[in-house]
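[1] next input, structure requested:
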Amino acid sequence: MREYLFMALISAAVTYLLVPLVRRFAIRIGAMPEIRDRDVHTTPTPRLGGLAMYGGLVAGLLLAGQLTHSGSALLDTGAQPVLALIVAGGLITITGFLDDWWGMDAFIKLAGQVAAAGVLVYFGMRLTSLPLPEAWGGPTSLDYTLSTVITILVVVVTINAVNFVDGLDGLAAGIVCIAGMATWAYSIIISQDITGSNITATAAIAAVLIGTCLGFLPHNFHPAKIFMGDTGAMLIGLVLASSIVTVTPVDTSAIVDMNKFPVVLPLLVPAAVLVLPLIDLITAVVRRTSYGMSPFAPDRGHLHHRLMDIGHSHRRSVLIMYAWTFLFSFGIVGMSTVGVPVLLFPVVIVLAVAVLVLMALPRWRGRGGAHAAQRGKPDDDGPPTGPMPPILPDTEVRRRMPPADGSSPERATAEGKPVIPAFPSGS
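    Below you'll find the predicted structure:
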């Protein structure tokens with residue numbers, strides 16, 4: 001346990017310390033593009049925060065490889081996870097860097113994602129089997145070709161799911177951090193019944209991922225000083241996918257005493273930790289294709305956009321999506337520890353519905369009452385990015401108002417009520 005904490009702290013510290021340097025570098029090379037219609041922030045903000053995250057990831061992985069327990073487990077996996085993640089992460093980081101700096105065609109970026117996934121397969125990080133139910137033939141081993149195809153598909157889908165959800169300050173880093181925590185907790189739980197190097201490797205990868213996200217969040221939470229960009233979003237998506245790939249091939253017979261439905265867990269946990277990014281990805285693809293657009297064409301219809309459109313503030317929208325991710329991911333992990341009683345499923349469903357109702361409350365309340373009267377009030381947690389313009393005192397405002405008749409700063413209506421000019425003078 002102390003090894004996981006140590007590698008998470010090192011990853012967090014390195015990432016945190018590298019962010020200011022990366023921020024200055026991004027500003028110097030001009031990697032802070034103009035505001036787009038779909039953007040939520042209001043001032044140009046430097047990207048490339050993923051470069052700092054890659055530095056933290058490499059530091060954590062190198063440390064994990066040197067520790068006694070995790071180091072031996074990483075060597076005994078039959079693959080080379082440390083080298084695989086450093087090389088594949090470097091490739092996806094370069095792809096994201098070029099996209100954040102110069103812009104890149106969607107299909108070229110997709111090719112970079114496939115290449116990074118191929119690097120993982122080359123170094124042995126692939127799905128070797130699927131824990132299917134007995135009615136479907138039981139646990140099924142995959143030949144090298146099918147294993148390669150499925151692994152690349154899982155990695156590419158996860159990368160794009162995380163990239164799609166990266167639209168608010170701190171959103172992607174927080175969601176992936178929660179997903180990493182759930183994956184780490186699940187691997188620790190099943191390690192009580194299974195003594196396998198893959199489980200320990202999963203816990204180590206998840207711990208490094210958690211530290212990397214936590215180290216970046218203080219700089220990225222609203223109002224963000226820097227964005228991770230595609231550089232960071234694709235990187236943490238790749239690492240999250242690699243942890244899923246290593247934890248999924250579990251012998252369900254080994255955990256039959258741990259849970260009433262052991263065959264479900266290795267499939268449910270990856271789905272649970274990715275539920276929010278996957279929903280956003282699927283709805284975005286359906287929405288765009290239904291309008292005759294490319295699935296990669298950007299728009300302003302993501303879940304976080306909808307939350308803000310119905311009245312939630314920037315921070316509240318992020319916290320709602322955090323809560324939704326935590327509910328689903330840790331709900332499934334919690335079920336694995338208590339035998340999945342039947343009564344627990346309705347409880348989880350009720351909690352999920354409650355979160356959805358809370359998400360819709362501003363729209364319902366906004367149809368009338370006090371909330372409707374406050375629609376014009378500014379966001380309660382400050383501007384999306386950058387400082388607010390200075391607010392002048394009343395005396396200064398009145399001094400700048402042009403006199404209507406040459407003597408008085410106010411002019412009167414027929415009812416005798418003063419009217420403040422809409423456009424103050426430029427003097």
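
[2] the residue nearest to residue 100 when sequence neighbours are not counted: how many residues sit nearby?
    Closest residue in space to residue 100, ignoring its immediate chain neighbours: residue 229 at 3.9 Å, by Cβ to Cβ, 6 or more residues apart in numbering. Bear in mind the C-beta positions are built from the backbone N, C-alpha and C, glycine included. Number of residues near residue 229 (other Cβ atoms under 10 Å) recorded here: 27.

[3] ok, the one 5 residues further on next?
    Other residues near residue 234 come to 29 when the count uses other Cβ under 10 Å.

[4] any idea which helix or strand carries it?
    For residue 234, the host element (DSSP states H and E) is helix 229-247.

[5] which helices and strands does that helix pack with?
    If contacts are counted by 3 or more Cβ pairs under 8 Å, 6 or more residues apart in numbering; DSSP states H and E, helix 229-247 sits against helix 49-66, helix 81-101, helix 106-122, helix 144-165, helix 171-190, helix 197-220, helix 265-273.

[6] next, the angle helix 197-220 makes with it.
    Between helix 229-247 and helix 197-220, the angle comes out at 160 degrees (axes from the mean of the first three to the mean of the last three Cα atoms, to 10 degrees).

[7] in helix 229-247, what's buried?
    Burial within helix 229-247, assessed by neighbour count using 16 or more other Cβ atoms under 10 Å, is assigned to 229-247.

[8] again, but for stretch 48-56
    Using 16+ other Cβ under 10 Å as the test for burial, stretch 48-56 gives 48, 49, 50, 51, 52, 53, 54, 55, 56.

[9] quick one: average pLDDT of the helix holding residue 234?
    For helix 229-247, mean pLDDT rounds to 91.

[10] restricting to C-alpha, output it in PDB.
    As requested, the backbone C-alpha atoms of helix 229-247 are provided in PDB (Å, rounded to 0.1, in the frame of the first residue of the first chain):
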ATOM      1  CA  GLY A 229      -5.400  20.000 -24.400                       C
ATOM      2  CA  ASP A 230      -5.500  16.900 -26.600                       C
ATOM      3  CA  THR A 231      -1.900  16.300 -25.400                       C
ATOM      4  CA  GLY A 232      -3.100  15.500 -21.900                       C
ATOM      5  CA  ALA A 233      -6.600  14.100 -22.700                       C
ATOM      6  CA  MET A 234      -5.300  11.500 -25.100                       C
ATOM      7  CA  LEU A 235      -2.400  10.600 -22.700                       C
ATOM      8  CA  ILE A 236      -4.600   9.900 -19.700                       C
ATOM      9  CA  GLY A 237      -7.100   8.100 -21.900                       C
ATOM     10  CA  LEU A 238      -4.300   5.900 -23.100                       C
ATOM     11  CA  VAL A 239      -3.100   5.100 -19.500                       C
ATOM     12  CA  LEU A 240      -6.700   4.500 -18.300                       C
ATOM     13  CA  ALA A 241      -7.200   2.100 -21.200                       C
ATOM     14  CA  SER A 242      -4.000   0.200 -20.400                       C
ATOM     15  CA  SER A 243      -5.100  -0.300 -16.800                       C
ATOM     16  CA  ILE A 244      -8.400  -1.700 -18.200                       C
ATOM     17  CA  VAL A 245      -6.600  -4.000 -20.600                       C
ATOM     18  CA  THR A 246      -4.400  -5.500 -17.800                       C
ATOM     19  CA  VAL A 247      -7.200  -6.000 -15.300                       C
END
